[in-house]
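Asks: would you be able to build a 3D model of this:
(chains A, B, C and D)
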Protein chains: 2
Amino acid sequence: MHLEHAILGFLNYGPFTGYELKRVFDRSIRHFWPADQSQIYKTLSKLSDKGLASMDIVHQDDRPSRKVYQITDAGRTQLMEWIRRTPEVEVVREPFLIQVFFAGLLPDEEAIQILEEKASEIRAYIENLNEVTKVGAQGDGQKAPKKLQFYWFLTVDHGLWMMQASLDWLEETIERIRRGEYVDGPAVLDPPRRRRDG
Amino acid sequence: MHLEHAILGFLNYGPFTGYELKRVFDRSIRHFWPADQSQIYKTLSKLSDKGLASMDIVHQDDRPSRKVYQITDAGRTQLMEWIRRTPEVEVVREPFLIQVFFAGLLPDEEAIQILEEKASEIRAYIENLNEVTKVGAQGDGQKAPKKLQFYWFLTVDHGLWMMQASLDWLEETIERIRRGEYVDGPAVLDPPRRRRDG
DNA sequence: TGCTTCTATTGGAAATCTCCAATAAAGGAA
DNA sequence: TTCCTTTATTGGAGATTTCCAATAGAAGCA
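Replies: Sure, this is the predicted structure:
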């Protein structure tokens, strides 16, 4: 369970309540691991059951008591072990490609329209990612060490690269359909290498 | 539920049993929608309940009877409606990036090692995708119409572009870490546009 | 002969996640 | 004054998917 590791990672920086963690997630890694609030709470109690985190109840007069979680030594060990692990082979699952696969049933203009819609959705997403970066660059009050912030930026960078690649594919594909390429038979071309402009 | 639409799409080409569908999935869209066998069976009976497919039992003397499913008019209508829909915003969920995010806790060489491992995993995946294309190009006995085959190739092409982008990001990132870039502070650069070689 | 693979379907358990609702008090906006 | 948002947690329902096991005859291999 990956949420477990993500939470452990944040607890490694300091103690948090479920509520606080939700905000931390939303402000840092939402772009590659969105977390549902109730899922965070459930995972916290699981971590506690496993002895990877400990919990203290802090009473408050005006609000519900806070359950503050802290990482344990066992938790820290497991976190580091996980980070060092060879990354898993990830299963690709893209509903959009099911649509593309069967879009051959539609007339060209309609297929192109769907690809255009996807393209503008991605453009909006890129805008959004750039926003995330700006908010993160301001440091959110507490300053993270430069190195950790650098790695955070790398994940944003990854998102931007992938989105850009997707956009480029869409534009190329629309071109290919416009040219009526399938009449001459299909071809899977080698994907282009990516390099920085200028 | 997306598997529902994928199955409906294949049933639109002709009648299939669950067993046959499993093989069709494995030979065509596994690279973006792997399907579990028992999930296919469950989804088929759901489609039948909803009146989107009909089922005939064909007895066989030497083997268990086959349940042959056919798409209904209602099913065809819904399939076409779905294909034309504006593509959904897809939720990104990448465990590997959680690892990258926290890899800042490791010494540079160890972080680089993880990125290298990911890179070779992706290279293997690309090999595999190229295999898929070769098998598909032979047409598998029955020939699909050129246009439909073209759209199928497009989905493979998409996979290749995305994998290549991921690989390029990894290589660039390894470079950036090697240069010790984070010492001077982080930067999210604009991703490069893609162009064909030569 | 024994083992594995292929054909063909079914059912249960469990993991992971989303969505929704309930509780409760404070503070700010309209 | 009424309504919405924030803080803070809990619990249940359901969706989707994976994994595993059972059944069973036939065919091919060593």
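
Asks: element containing residue A:19?
Replies: helix A:18-28 (DSSP states H and E).

Asks: and the next element down the chain from the one helix or strand in chain A whose mean pLDDT sits lowest?
Replies: Ranking every helix and strand in chain A by mean pLDDT, DSSP states H and E puts helix A:108-137 at the bottom, with a mean of 87. Going down the chain from helix A:108-137, the next helix or strand is helix A:146-178, by DSSP H and E.

Asks: buried set for that following helix?
Replies: A:147-170, A:172-174, A:176-177 (16 or more other CB atoms under 10 Å in any protein chain shown). (C-beta placed from N, C-alpha, C; glycine too.)

Asks: pull out the buried residues from the helix holding residue A:19.
Replies: A:18, A:20-22, A:24-25, A:28.

Asks: DNA strand D: which of these is nearest?
Replies: DNA strand D lies nearest to residue A:18 out of these, by CB to the nearest atom of the strand, at 3.8 Å.

Asks: separation between that closest one and DNA strand C?
Replies: 12 Å (CB to the nearest atom of the strand, to the nearest Å).

Asks: need the pLDDT of that residue.
Replies: We have a pLDDT of 93 for residue A:18.

Asks: which bits of chain A sit near DNA strand D?
Replies: A:17-20, A:23, A:37-38, A:41, A:45, A:60, A:63-68, A:91, A:93 (CB under 7 Å from any atom of the strand).

Asks: can you tell me which of the residues you listed are in strands?
Replies: When the residues of chain A next to DNA strand D are checked against strands (DSSP state E), the matches are A:66-68.

Asks: which residue in those has the weakest pLDDT?
Replies: Comparing pLDDT over those, the lowest score belongs to residue A:66 (89).

Asks: what's near enough to touch the residue most central in space within chain A?
Replies: For chain A, the residue nearest the mean C-alpha position is residue A:32 (0.4 Å; CA atoms, centre = their mean). Contacts for residue A:32 (CB atoms under 8 Å, 6 or more residues apart in numbering or on different chains) come out as A:155, A:158-159, B:92-94, B:97-98.

Asks: let's see 6 Å
Replies: Neighbouring residues of residue A:32 by CB atoms under 6 Å, 6 or more residues apart in numbering or on different chains: A:155, B:92, B:94, B:97.

Asks: I'd say the last one and residue A:154 touch.
Replies: Going back to what we said before, that points to residue B:97. No. In this structure residue B:97 lies outside contact range of residue A:154 using CB atoms under 6 Å: 8.6 Å.

Asks: where in chain A is pLDDT low?
Replies: A:62, A:134-144, A:183-198 (pLDDT under 70).

Asks: domain map for it?
Replies: A:2-84, A:95-186 (automatic domain parsing).

Asks: and the gap between the nearest residue to residue A:166 once chain neighbours are set aside and residue B:170?
Replies: Using CB to CB, 6 or more residues apart in numbering or on different chains and skipping residues adjacent in sequence, the residue nearest residue A:166 is residue A:122, 5.6 Å away. Distance, residue A:122 to residue B:170, using CB to CB, to the nearest Å: 21 Å.

Asks: which residues does residue A:33 contact?
Replies: A:6, B:98.

Asks: now it, what are its backbone angles?
Replies: As for residue A:33, its main-chain torsions (degrees, to the nearest 10) stand at phi -150, psi 80.

Asks: cool, and residue A:71?
Replies: Torsion angles, degrees, to the nearest 10, at residue A:71: phi -80, psi 140.

Asks: OK, contacts around it?
Replies: A:11-12, A:53.

Asks: residue A:75 now?
Replies: Contacts of residue A:75 by CB under 6 Å, 6+ apart are A:8, A:52-53.

Asks: which of these sits closest to residue A:118?
Replies: residue A:8 (35.2 Å; CB to CB).

Asks: how about that closest one: what's its closest non-neighbour residue?
Replies: residue A:79 is the one closest to residue A:8 (CB to CB, 6+ apart), at 4.5 Å.

Asks: how about the secondary structure of that neighbour?
Replies: helix (DSSP: H, G, I helix; E, B strand; the rest coil).

Asks: quick check, it in contact with residue A:6.
Replies: No. Counting by CB under 6 Å, residue A:79 does not reach residue A:6; the two are 9.9 Å apart.
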